[in-house]
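Asks: heads up, no residue letters with this:
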Ligand SMILES: *Cc1c(COP(=O)(O)O)cnc(C)c1O
């Protein structure tokens, strides 16, 4: 499969090169040259397939012949080592729980898949220079990428995270692994981290020192496998006669955009709903037609503290850069921290369901959308385990949560990070 740059000023590349480059030389995001719908027969009989089989059907066209069938199937099997249950909440509303993986965030799927693809290419090519995965995190990406890449030969991982702006559990997940993983603690916000990463990719002075690639959702190997769980959700639905709507709490808009790829592949999804926190560039755009990236505002749903969502251009591409088409397929709402907290309280007191702030915003957005429709099954994505957001859960709820084994394994380990305050700090580290 060929990928082109959405800035349309760079050569087309193979899947392998899109994964290894991360971003195109013209700073554009890579996008697949074609998207062919899957057989209707497959979608209609999805209950008869295992998750691994579904994932293979979904991803194979995006890889083409660049990874042999058997290797790709192994990559999928190792990626999907956990469940994706739907928990019914109330009539026509379910929570699609994506947090049962090793770092308890949906990003485990993309992180694990990408790590194994890079590992495959590296082994095949016997490269003499290691690949350095450089990644900015607003909270959850860092841990998922670190865990996904831990011990992968020929790959080093450098994570930039905003100092004091990730939760304690998140920080431990990305600063305690050691081996091929280094955490850089940046004095600044997530957008500063993301800007530094983007600049580094295009900085020729770094080329003699490092083969850099990204593991943010701009990387196609992290982004595309996120389409899997929309299929897994559809498979689990008992009543498929209702209109299906997914509500995806969004920051960089990679996850929801992968869902839209699923829709292109033939999943019968009526509409997407997105909930954001007060970093609401996209809901504002849908309302006013003005697209204005803003500096990040810090909130309790920190993994969505993104003022300039990098994947939005892919969403526009999927809707032919036509805002009216987009408005038909995407409804956007934004919520304050207070509203998210009240929703967590409501879910807990009314349904005995413990949600964290991102999932709670997904729930609110879904409720809002459902007011206007009938005969609709809504699923909101619960994107992280509440244990990762202990200090911002609804009052009294944190005490009810037992530490899962994945968290026990890191929580008492000492944090190891290198502090940097600007781009020079990053290049000094990368050149050392
Ligand atoms: C990353 C993340 C999001 C946002 O996902 P995007 O693909 O960036 O829109 C939402 N919730 C949690 C818990 C996350 O870690």
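Replies: Thanks, I have the structure now. Everything numeric in this text was worked out from a predicted model, so none of it was measured.
Asks: now the longest helix anywhere in the chain: buried residues?
Replies: As assigned by DSSP state H, the longest helix anywhere in the chain is helix 107-125. When neighbours are counted by 16 or more other Cβ atoms under 10 Å, the buried residues of helix 107-125 are found to be 107-122. Bear in mind the C-beta positions are built from the backbone N, C-alpha and C, glycine included.
Asks: near the ligand too, which of those?
Replies: If you filter the buried residues of helix 107-125 for contact with the ligand, counting by Cβ under 6 Å from any ligand atom, you are left with residue 107.
Asks: out of the buried residues of helix 107-125, which is nearest to residue 394?
Replies: residue 107 (23.9 Å; Cβ to Cβ).
Asks: residues contacting the closest one?
Replies: Residues in contact with residue 107, defined by Cβ atoms under 8 Å, 6 or more residues apart in numbering, are 140, 141, 143, 144, 145, 222.
Asks: residues of the stretch 1-150 of the chain that sit close to the ligand?
Replies: 105, 107, 139, 140.
Asks: min pLDDT across those residues, which one?
Replies: In terms of pLDDT, residue 139 ranks lowest among those, with 78.
Asks: now do the contacts for it.
Replies: Applying Cβ under 8 Å, 6+ apart, the residues near residue 139 are 161, 165, 166, 167, 170, 302, 303, 388.
Asks: in the stretch 1-150 of the chain, what residue lies closest to the ligand?
Replies: Across the stretch 1-150 of the chain, no residue is closer to the ligand than residue 140, which sits at 3.0 Å (Cβ to the nearest ligand atom).
Asks: once you drop chain neighbours, what's closest to that residue?
Replies: Nearest residue to residue 140, sequence neighbours excluded (Cβ to Cβ, 6 or more residues apart in numbering): residue 105, at 4.0 Å.
Asks: which elements pack onto the helix or strand of the chain with the lowest mean pLDDT?
Replies: The least trusted helix or strand in the chain, going by mean pLDDT, DSSP states H and E, turns out to be strand 211-214, with a mean of 86. Contact here means 3 or more Cβ pairs under 8 Å, 6 or more residues apart in numbering; DSSP states H and E; on that basis strand 211-214 packs against helix 15-21, strand 131-136, helix 190-201.
Asks: which residue ranges form the strands in the stretch 151-300 of the chain?
Replies: Taking DSSP state E, counting those that start in this stretch as the test, the strands found in the stretch 151-300 of the chain are 155-162, 181-186, 211-214, 243-249, 271-276.
Asks: looking at those, which is closest to the ligand?
Replies: Of the strands of the stretch 151-300 of the chain, nearest to the ligand by Cβ to the nearest ligand atom is strand 243-249, at 4.9 Å.
Asks: so the closest one, near the ligand or not?
Replies: Yes: counting by Cβ under 6 Å from any ligand atom, the ligand is contacted by strand 243-249 at residue 249.
Asks: where does the stretch 51-200 of the chain have low pLDDT?
Replies: Segments of the stretch 51-200 of the chain classed as low confidence (criterion: pLDDT under 70) are not present in this model.
Asks: up against the ligand, what does the stretch 251-400 of the chain have?
Replies: Taking Cβ under 6 Å from any ligand atom as the criterion, the neighbours of the ligand within the stretch 251-400 of the chain are 251, 252, 253, 254, 255, 303, 304, 358, 383, 384.
Asks: picking up where we left off before, so what are the sheet partners of the least confident helix or strand of the chain and their directions?
Replies: The pairing partners recorded for strand 211-214 under DSSP bridges are strand 131-136 (parallel).
Asks: residue contacts, the residue nearest to residue 140?
Replies: Contacts of residue 105 were listed using Cβ under 8 Å, 6+ apart, and they are 98, 99, 140, 143, 144, 303, 383, 384, 385, 388.
Asks: same check, this time on residue 51
Replies: Under the criterion of Cβ under 8 Å, 6+ apart, the neighbours of residue 51 are 80, 84, 228, 232, 235.
Asks: count the neighbours of the fourth one for me.
Replies: Taking other Cβ atoms under 10 Å as the criterion, the count of residues near residue 232 is 20.
Asks: not counting its neighbours along the chain, what's nearest it?
Replies: Residue 232's closest residue in space is residue 84 (Cβ to Cβ, 6+ apart), at 4.6 Å.
Asks: isn't the one you found right up against residue 96?
Replies: Yes: counting by Cβ atoms under 8 Å, a contact exists between residue 84 and residue 96, whose distance comes to 6.8 Å.
Asks: what do those two both touch?
Replies: Counting by Cβ under 8 Å, 6+ apart, the common neighbours of residue 84 and residue 96 are 229, 233.
Asks: buried ones in stretch 277-288, by neighbour count?
Replies: 277, 278, 279, 280, 281, 282, 283, 284, 285, 286.
Asks: nearest to residue 202 among the residues you listed?
Replies: If you rank the buried residues of stretch 277-288 by distance to residue 202 using Cβ to Cβ, residue 281 comes first, at 23.6 Å.
Asks: contacting residues around the closest one?
Replies: Residue 281 makes contact with 291, 292, 293, 294, 307, 308, 309, 312 under the criterion Cβ under 8 Å, 6+ apart.
Asks: just put the residues you listed in CSV and tack on neighbour count, distance to residue 25 and pLDDT.
Replies: Converted to CSV, those look like this (neighbours: other Cβ atoms under 10 Å; distance: Cβ to Cβ, whole Å; pLDDT from 0 to 100):
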residue, neighbour count, distance to residue 25, pLDDT
291, 13, 24, 96
292, 10, 27, 96
293, 15, 22, 94
294, 14, 28, 92
307, 18, 25, 92
308, 16, 20, 91
309, 23, 22, 94
312, 23, 21, 97
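Asks: next one: residue 241 from the ligand, what distance?
Replies: 30 Å (Cβ to the nearest ligand atom, to the nearest Å).
Asks: next, give phi and psi for that residue.
Replies: Backbone dihedrals for residue 241, given as degrees, to the nearest 10, come out at phi -80, psi -20.
Asks: low-confidence stretches in the stretch 251-400 of the chain?
Replies: Looking at the stretch 251-400 of the chain by pLDDT under 70, you get an empty list.
Asks: can you pull out the helices in it?
Replies: For the stretch 251-400 of the chain, the helices defined by DSSP state H, counting those that start in this stretch occupy 254-264, 281-288, 312-318, 323-329, 337-351, 357-370.
Asks: distance from the chain centre to the fourth one, please.
Replies: Counting by Cα atoms, centre = their mean, to the nearest Å, helix 323-329 is centred 23 Å from the centre of its parent chain.
Asks: use 726 as the first number for this chain going forward.
Replies: Will do, 726 is the new start, and the previous item becomes helix 1048-1054.
Asks: what's that helix packed up against?
Replies: Under the contact rule (3+ Cβ pairs under 8 Å, 6+ apart), helix 1048-1054 is packed against strand 996-1001, helix 1006-1013.
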